[in-house]
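A.B. asks: When you get a sec, could you give me coordinates for this:
(chains A, B and C)
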Amino acid sequence: MRFIRKTQYSQDIDLVKHRGHLIWYGLLLVIVLSGPLWLDRYLLGELAQVFIFAIAGIGLMLLVGYTGLVSLGHAAFLALGAYTHAYLLNLGVPLPVALSTAALFTALIGGLVGIPALRMTGIYLAVATLAFAVIVEQVLVHWTSVTGGFSGMAVPKPEMFGWSLSSAPAFYFLCFIILIGCLVLALNLLRSPAGRAMIAVRDSETSAESMGINLARTKMLAFALSAGFTGLAGGLFAHRMTYLAPDAFTIITSIQLLLMVVVGGVGSLHGVIYGAIFIGLLPQVIASFRDLAPPAVGQIPGLEPAIFGLILIVVLIYEPLGIYGRWMKIRLYFEEFPFYRRATYKRQKSFLRTERLH
Amino acid sequence: MSLLVADDISIHFGGLKAVQDVSFAVEEGEVYSIVGPNGAGKTTIFNLISRIYDCTHGKITFAEQDITNLPTHKVAPLGIARTFQNTELFERETVLKNLLIGCHIHRHTNVFSELFYLPSVKKQELAFREAVEDVIDLLDLQSYRNQVIGNLSYGVRKMVEVARALCLKPKLLLLDEPSSGLNPEETEDLSFWLEDINQDLGITVIMVEHDMNLVSQASDRVMALADGQLLTIGTPQEVQNHPEVLRAYLGD
Amino acid sequence: MEVLQLLISGVSQGCVYGLIALGFVLIYKATEMVNFAQGDIMMLAAYVAITFVNLWGWSFWWALPATVMTMAVVGMLLERLLLRPMIGEPHFAVLMLTIGLGFVLRAVAGAIWSATPQRLNAPYVGSVAQIGELVIGYESIAIVIGTVLLCTLLWLFFRFTRLGVAMQAASQNQLAAFYVGIPVKRIFSLVWAISAGIAAVAGMLTAPALMVDPNTGFIGIKAFAAAIVGGFGSLPGAILGGLLVGVVEQFAGLYLPPGFSDMSAYVLLLVMLMLRPQGLFATMQKKKV
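C.D. replies: Below you'll find the predicted structure:
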């Protein structure tokens, strides 16, 4: 077992809490940064996609995992970010400005969506976000003068200060650096009063209000921040797609994002990373499965969403804490060896007690 | 000049008159208990003061300010903190996090400085942590600091609720049945802490209680309610021997 | 005249939404779980009916109870295998589970019956009734009559049987229901069975009117909006919400630019959520502390 002796409060607050953290995360950083040395173009592209998903996942996790507000339509924010970014690039705006503007614009829309969200709880909110996503999709399809409708919108290649970023390693680094930045911002948020306010709203709205937390402002902020991160991911996503069309941002995409959050482990940023790796790798696995399986199984239309669904079901029933949860249990096993007890994480039987008054 | 004045407050839930024309005043620095059989409207009055419910009519004044229609989240910054009958803690978080959320009203940074964790934010975090540790020391919660609330026993949870309320540095503390679920030793500890909170920290305390020993020991004045209506206000002895109070508890 | 025609189409379409919404609300009232796969269960029911009638040559009227029975068993199985382990889990988790279930059902349907759209052979297909200048398809009439019959049956069931009362108890406080001797788990299975049965009726009524393919279940999302418009805990609200959405959709198709009628269910939903978040018949209230 490892014991960490703490002598200062800042050890609880700082991002790097002790030497072990520094060593392991440092190693990880070195491995990722050295990627282009030993990975081919294709894999670099796939990893860049994983980073993009992770950025979107940070946004979704802030909303769902930390504020407890379910969003079934997050693909709409991805789309808003992607289209705004591409539109601005086509106007000649430099990449950093276009990307930031896209993120801020999406954050603004997110904040506006948050306003009606104040009056809704749980399931009502989830369906409202779904409705919002459908409406955004329709706007993308019908507002052809701006978005090009079904014919789509071309996305210029990424370049910054005259250097092209469209090569696989360059794009890989761009996505990675932005991901690190977003992680730091999110971690900062979560260890500060704003983040705690979000958690308070998730766990008990009544007592959060009694602690002086403004519910309306917190929820709106959560939506805005969530949308902002996802919009940023959308801008990068646009470069990956090179050509935008509304059918890249359907409810399946929203469910994919939620899958990332659920499978990764709700309520932790680690979960976002694990989840992003999972849904980044999943299409490859499904594609190989399709080739290996007999045609009757492999050629089913809608196999990919079906496998998403199956994984969701299995994870939710058997490992609701997700990949991160499973990793915690494994780590605990090794830390407490040979005293590990399976009952540590045993789920208590829970019973339904309604909060409806009807 | 009383700290809290309730003037003819009432609330109706459809046909049920939960609180009817109750008036009382709490002086600064006293320990004021509210007693009464179940359904008397005691917690409802707390909910009216902390603005979780709206009064059907009547007026509530705190430190000369009319708070009858104040939005719920503006009550804490004025200096009113409360605990709940069935603890409303943040179940999935640690005791430390719960207490830190109690410091929220003393925050003077905004979300932008927090996103970038500017030095002012770090300084504030360290100050919050120190304040929280002071409260932990007062209520002996050191060993529970990093435990998740969901794993704690009921008695400890109640103390964490009180601790969280104290982190607000309130002028007025509303305690809703603080001793329910506590064994006699814990109740005695509670009465000592009440004394500390009231005398050392100078906090005015209003307490809804059923334990008459605790009430007699700790309170300066007592208000008795039954069926939403005021029966009497006085010292613990006066109230315990009041004929109407006896009738309410024991029947005719 | 055109208004009346639209109204009739709206009502008949609305009845379909209403029936699916009824299934949602039933499960929600009984178990506080949201079943996002309700539309896909309806789609499955339609395919089962097509198997009975088109492929095996049974008479439509015998296939009706057969489909309802089959789907009731399917509903019970789904509850037993997938939903029972989730009792007491956060609502978000159950919602995601049923979304996943919907995907799986869609793929299964595509695998068994192929993705080509098919139409159920009902004996009244194609016939129309003529009242003055109004033309009403027999399918629409069947839908409305079927809905009315089903709702009456359900109302009688919940009002006058012990089972109905037991269901309400189980939905309000499970632990207490257990202590009083109510077989809570069996009741949950029954609720899912009934809900699937309602979806089966909805499927059989709709299938003759439009082509069925694995994505027909998407209608469930609009029905969901309808359930919310009506107020999510209320059975009459579900039907009313469905009717409202159906009618608004038809009129939006006529008076607004194309593409808006598809959105109208969702716009109606958002408007309702902003003006009266609890829906037409409110049941949700603030937690008592």
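
A.B. asks: So what touches stretch C:262-272?
C.D. replies: A:116, A:127-128, A:130-132, A:134-135, A:138, C:222, C:225-226, C:228-229, C:244-245, C:248-249, C:252-253, C:256, C:279-280 (CB atoms under 8 Å, 6 or more residues apart in numbering or on different chains). Just so you know, the C-beta spots here come from the backbone N, C-alpha and C atoms, and that holds for glycine as well.

A.B. asks: What are the buried residues along it?
C.D. replies: For stretch C:262-272, the neighbour count (16 or more other CB atoms under 10 Å in any protein chain shown) marks C:Asp262, C:Met263, C:Ser264, C:Ala265, C:Tyr266, C:Val267, C:Leu268, C:Leu269, C:Leu270, C:Met272 as buried.

A.B. asks: Tell me which stretches of the stretch 1-150 of chain A form strands.
C.D. replies: Here the stretch 1-150 of chain A has no strands by DSSP state E, counting those that start in this stretch.

A.B. asks: Quick check: pLDDT value at the closest residue to chain B within the stretch 51-200 of chain C.
C.D. replies: Closest contact between the stretch 51-200 of chain C and chain B, by CB to the nearest CB, is at C:Pro90 (10.7 Å). Listed pLDDT for C:Pro90 reads 79.

A.B. asks: What distance do you get for it to chain A?
C.D. replies: Distance of C:Pro90 to chain A, given as CB to the nearest CB, to the nearest Å: 9 Å.

A.B. asks: Run a quick neighbour tally on that residue.
C.D. replies: 15 (other CB atoms under 10 Å in any protein chain shown).

A.B. asks: Could you measure from it over to C:Phe251?
C.D. replies: Remark: distance between C:Pro90 and C:Phe251 (CB to CB, to the nearest Å) = 39 Å.

A.B. asks: so does the helix ranked longest in chain A get close to chain C?
C.D. replies: The residue-count maximum for a helix in chain A (DSSP state H) belongs to helix A:215-241. No - Helix A:215-241 stays clear of chain C (CB under 8 Å from any CB of the partner chain), getting no nearer than 12.0 Å.

A.B. asks: does that helix come close to chain B?
C.D. replies: Yes - using CB under 8 Å from any CB, we find that helix A:215-241 touches chain B at A:Leu215, A:Leu221, A:Leu225.

A.B. asks: Tell me the residues of the stretch 51-200 of chain C that contact chain A?
C.D. replies: Contact residues (CB under 8 Å from any CB) of the stretch 51-200 of chain C with chain A: C:82, C:85-89, C:91-93, C:95-97, C:99-104, C:106-108, C:110-111, C:115, C:171-175, C:178.

A.B. asks: one step back: what sits against the residue of the stretch 51-200 of chain C closest to chain B?
C.D. replies: No contacts exist for C:Pro90 under CB under 8 Å, 6+ apart.

A.B. asks: Ramachandran angles for it?
C.D. replies: phi -60, psi 150 (degrees, to the nearest 10).

A.B. asks: Then B:Ala6?
C.D. replies: Phi and psi for B:Ala6, reported as degrees, to the nearest 10, are phi -110, psi 130.

A.B. asks: Next one, pLDDT for it please.
C.D. replies: On the pLDDT scale, B:Ala6 gets 91.

A.B. asks: for B:Val205, same thing?
C.D. replies: 95.

A.B. asks: Against which helices or strands is whichever strand or helix holds it packed?
C.D. replies: Taking DSSP states H and E as the definition, B:Val205 sits inside strand B:204-208. Here strand B:204-208 touches strand B:31-35, helix B:42-49, strand B:172-176, going by 3 or more CB pairs under 8 Å, 6 or more residues apart in numbering or on different chains; DSSP states H and E.
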